[in-house]
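Engineer: Mind looking at a prediction? Sequence and model below.
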Amino acid sequence: MPGERLVIMGANGSGKTTLLRMLSTATMPSRGTLRLFGLDPAREPEAVRQRLALLTHLPSLYDDLSGTENLQILARLLGKSLNVEPWLTKVGLDQRPEPVRSYSAGMRKRLSFARTLIQDPQLVLIDEPYGQLDPEGFSLVDRMVDELSARGTTVILASHLVERAAKLCDHGLLLHQGLPRWSGPATQAHQAWTTLHRSLT
Amino acid sequence: MNGTIEGGWGYVMAAYGITWFAWAGYALSLWLRNRKESP
Amino acid sequence: MRYFLALLHKDLLVGWRGRVRLVGLGTYALTLLLLFSFAVGPDTMALRDHASAYLWLAIMSSSTLLLAQSFQQEVEAGAIEGLILLPVPPPALYYAKALANLLLLLFLAVVMLPVSMVLFDLDISGSLLTLLLVIILGSAGIVAPGTLYAAMTARLSSQQVVLPLLLFPLVVPPILAAVKATDLVLEGDAMGQLPAWIGLLVAFDAIYWSLSGLLFGKVLDE
Amino acid sequence: MTLARWTLLLGASGLLILGVGHGIGLMSTPAEASMGETGRILYLHVPTAWVAMLAFTAAFIAAIGSLWTGGARWDLSMESGIEVGMVFSVLICIQGPIWAYPTQNYWWTWDPRLTTTAIMVVAFTGVLVMRRLIHQHERRMAATAVATIVSWVNVPVVYFSVEWWDSVHQDLSQVSSVDKVMLVPLLVSLAGTSLLGAAFFLARYRIALGHYQREEVAPELPDLPAQLELEDSP
């Protein structure tokens, strides 16, 4: 359902990132089929990739260029207007000329979010949204996710910070060693997490 | 150079010898690796 | 086409911003030329005979460094993946990067030309224009397979070793032809062989600029 | 295992025929007119060159197959084709100078064929080195395939440019016309060497197959575990 939010929970190495990369067509499944927007990404990668955006811990930004220039590259590729100023203000950045190299982790995250907003995708996949961020950055992530789903974009997060992510999302999916162990409303996510861990220890 | 070359046999033997030795060596390495892969 | 221009603009902008690296490459190439002239010693006759070989060897080795760097930054930042998922058609990505590499390499070559003219005491009997044409075609011959292999080896830690090993057999024909053609321009083309060598260069470029563009997509996806 | 039996069959018949071919070539036929005894290296050199080219062409076809379908079988045959091709082309680079030395008394002749083979060896060494450095299966297959295609296309290009470049000083060791009596050992040796090459290829394929089945094939997918019953947390 557009605007809904799912959190994929699991310890490191439980396959969260792999699943996310597969959903984003960054990696093709070696077996089985995948359906995105009713399309098979193996056969129609362009159509699928047009509608989604992937945010990984790698910022995919050009350090030598300024924030504005980074966004303008994207705008030019998407055939959108080069006036990227509104997107910058939306994420709390300004048109400073300094290269992205001088940005803090928080500012880089904001710029990555701006990159995602420009693409106006139907589905956004975020790997470890809270990675390398200070608490102040956490609230930024929450605001961004709210912003995205307010625009009708479905958001899928992959995180091991269960409580924080669960509060933000509608549904939860618990992975353990590559296998789905539980899925259901995010309100029970924390409960599922503790149950799984209790059964392991 | 008066056409035919004396002492050609040395080179012929060298070429054939090296080649046969290499083939034998390669066959041996294939056989060893085969045994390792599917005992 | 829009993708190609946007990406070309991006590559040139990044290249220009990182021009300190270009200066480094330029000094590297010039030191190579100096080394060649020292190695041969003051014998100007020998220097002049092999000038085109030295010039092209310098161009080839500096191109290897340039090509290795061309994907380094983007792969580390995950920018390439960002572009593929946009989606950007891989051939556009290839031709933009290859052309950017070519322009940067030509920038180096143009700097190296006057220096080698002085160092190797050359005077051009043929026309400067043909010489520039030969340099452009020769550099294009290096950059075409070079960009393809640079992308392929970008993620490898030992790229500095693998890239030259893969690339050198590929650039033998263009370098041979370029050295021959440059010789003919410098020392005069008695038997009129120049058009043949330039033809070989053009043929090589045509083959590799099209083949690499075709295969580039396969090199990128995970 | 049929593959093992095939390898043995090809290997044995190859060796037999090769023995016959080399036997005739070395013992019975008269020495070649201008090169004397050294002309007999022909029966060794030409078949080796032929099989090397065949092996790399097989790798080229497998490369296209693996790009087209992505099947692992193509990847394995590509690997085998390259290795067999390497063994035979290295041999050519050894046999060439041995043949050229007596007639021109310097080891390395810039003969287009020999130079092209040497460059081919360097190119495919690069492919093998790169292949060992990439660990993800899909990316290794794609990269090797692309490098194989590019290196294979490069062979004729190198040949022609070297031939042009070299035509300025034509060398001597052109094979003088192969008269009838020499044809028999040549063709027999050719058949023998080809069979031997095929046997090597199959053997190498089996190694790659064994390796692939043990390491690469993902283990059988366990069935999905039941939904976790939630215990009300304390």
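Structural biologist: Noted; the coordinates are in hand.
Engineer: where exactly do the strands run in the chain?
Structural biologist: In the absence of a named chain, this looks at chain A. A:5-9, A:52-55, A:123-127, A:154-159, A:171-176, A:179-185 (DSSP state E).
Engineer: next one: chain C
Structural biologist: Counting by DSSP E, chain C forms no strands at all.
Engineer: Show me which residues of it sit near chain D.
Structural biologist: Proximity of chain C to chain D (Cβ under 8 Å from any Cβ of the partner chain) is limited to residues C:145, C:148-149, C:152-153, C:155-156, C:158, C:161-162, C:165-166, C:168-170, C:172-173, C:176-177, C:180, C:196-197, C:200, C:204, C:207-208, C:211-212, C:215, C:218-219, C:221-222. (C-beta placed from N, C-alpha, C; glycine too.)
Engineer: which residue does chain C bring closest to chain A?
Structural biologist: C:Gly78 (2.9 Å; Cβ to the nearest Cβ).
Engineer: Spatially nearest residue to that residue, not counting backbone neighbours?
Structural biologist: Nearest non-adjacent residue to C:Gly78, counting by Cβ to Cβ, 6 or more residues apart in numbering or on different chains: A:Leu58, 2.9 Å away.
Engineer: how near is the one you found to chain B?
Structural biologist: A:Leu58 is 37 Å from chain B, where distance means Cβ to the nearest Cβ, to the nearest Å.
Engineer: Might one say that that residue is in contact with C:Ile80?
Structural biologist: No - in terms of Cβ atoms under 8 Å, A:Leu58 does not count as a neighbour of C:Ile80; the distance is 10.0 Å.
Engineer: Neighbour count: these two, which is higher?
Structural biologist: C:Ile80 (20 against 16; other Cβ atoms under 10 Å in any protein chain shown).
Engineer: Return the residues in contact with the spatially closest residue to the more buried one that is not a sequence neighbour.
Structural biologist: Distances taken as Cβ to Cβ, 6+ apart place C:Glu74 nearest to C:Ile80, at 5.0 Å, with adjacent residues excluded. By Cβ atoms under 8 Å, 6 or more residues apart in numbering or on different chains, the contact set of C:Glu74 is A:Tyr62, C:Ile80, C:Ala154.
Engineer: Repeat that for C:Ala92.
Structural biologist: Here C:Ala92 is in contact with C:Met1, C:Tyr3, C:Phe4, C:Leu7 (criterion: Cβ under 8 Å, 6+ apart).
Engineer: Ignoring the adjacent residues along the chain, who's closest to the second one?
Structural biologist: Leaving aside its chain neighbours, C:Tyr3 sits nearest to C:Ala92 (3.9 Å; criterion: Cβ to Cβ, 6+ apart).
Engineer: What of D:Ser66?
Structural biologist: Take D:Ser66 and drop its neighbours on the chain: the residue closest to it by Cβ to Cβ, 6+ apart is D:Trp74, 3.6 Å away.
Engineer: Chain B versus C:Ala77, what's the distance?
Structural biologist: With Cβ to the nearest Cβ as the criterion, C:Ala77 and chain B are 40 Å apart.
Engineer: Tell me, how many residues neighbour that residue?
Structural biologist: 17.
Engineer: And D:Val46, by the same measure?
Structural biologist: The burial count for D:Val46: 19, using other Cβ under 10 Å.
Engineer: swap in C:Gly126?
Structural biologist: Per other Cβ under 10 Å, the neighbour tally for C:Gly126 reads 18.
Engineer: Ramachandran angles for it?
Structural biologist: The phi/psi pair for C:Gly126 (degrees, to the nearest 10) reads phi -80, psi -160.
Engineer: repeat for C:Ser127
Structural biologist: Main-chain torsions, C:Ser127, degrees, to the nearest 10: phi -90, psi 140.
Engineer: Not counting its neighbours along the chain, what's nearest it?
Structural biologist: With Cβ to Cβ, 6+ apart as the criterion, C:Ser127 has its nearest non-adjacent residue at 7.5 Å, and that residue is C:Val185.
Engineer: which element is the residue in chain B positioned nearest to chain C on?
Structural biologist: Nearest residue of chain B to chain C (Cβ to the nearest Cβ) works out as B:Ala22 at 22.3 Å. Per DSSP states H and E, B:Ala22 falls inside helix B:8-37.
Engineer: Next, see if that helix gets close to chain D.
Structural biologist: Yes - judged by Cβ under 8 Å from any Cβ, helix B:8-37 comes into contact with chain D through B:8-9, B:11-12, B:14-16, B:18-19, B:22-23, B:26-27, B:30-31, B:33-34, B:37.
Engineer: If any of the residues you listed are buried, give me the ChimeraX selection for them.
Structural biologist: To isolate the buried members of these in ChimeraX, using 16 or more other Cβ atoms under 10 Å in any protein chain shown:
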select /B:8,11,12,15,16,19,22,23,26,27,30,33,34,37
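Engineer: Could you double-check that C:Trp56 lies in contact with C:Thr182?
Structural biologist: Yes - counting by Cβ under 8 Å, C:Trp56 does reach C:Thr182; the two are 6.9 Å apart.
Engineer: returning to what we had before: from the residues of chain C next to chain D, list the buried ones, please.
Structural biologist: Here, 16+ other Cβ under 10 Å leaves C:145, C:148-149, C:152-153, C:155-156, C:162, C:165-166, C:168-170, C:172-173, C:176-177, C:180, C:197, C:200, C:204, C:207-208, C:211-212, C:215, C:218-219, C:221 buried among the residues of chain C next to chain D.
Engineer: which residue ranges form the strands in chain D?
Structural biologist: Assigned by DSSP E, chain D shows no strands.
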